[in-house]
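Q: need coordinates for the following:
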Amino acid sequence: MKEKKVPMRMCVGCREMKPKKELLRVVRSPEGVVSIDTTGRKPGRGAYVCFSADCFKRAIKQKQLERAFECPLGEETHASLLSQLQALEDKA
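A: Model prediction:
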């Protein structure tokens, strides 16, 4: 039997290719709201980041998320995303 192909995605923070299940999806909805997508199925434009806070902060500092979403992100959006990431790390 043929093995299933593992989908690979690139982290926008560290630029490493990793299996899709090991990354966190950040999505910009059609309404323009940026949030973390825990299910991986929300509609909108997505970008993938490692679960580490360092990678996430690097993606924000280098404006990789803004580039991926093709829109500027404000400080309140950055703070909101970091708090959502902290909440996910606390659950795990």
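Q: element containing Arg25, please.
A: Here Arg25, judged by DSSP states H and E, is contained in strand 23-28.
Q: now the helix or strand following that strand: buried residues?
A: The C-terminal neighbour of strand 23-28 among helices and strands, as given by DSSP H and E, is strand 34-37. Judged by neighbour count (16 or more other C-beta atoms under 10 Å), strand 34-37 contains these buried residues: Val34, Ser35, Ile36, Asp37. Every residue, glycine included, has its C-beta placed from N, CA and C.
Q: list the buried residues of the lengthiest helix in the chain.
A: Criterion DSSP state H: the longest helix present in the chain is helix 75-91. Counting neighbours by 16+ other C-beta under 10 Å, one finds that the buried residues in helix 75-91 are Thr77, His78, Ser80, Leu81, Leu85.
Q: residues contacting it, please?
A: The contact list for helix 75-91, computed with C-beta atoms under 8 Å, 6 or more residues apart in numbering, reads Leu24, Val26, Val34, Ser35, Ile36, Thr38, Phe51, Ala53, Phe56, Lys57, Ile60.
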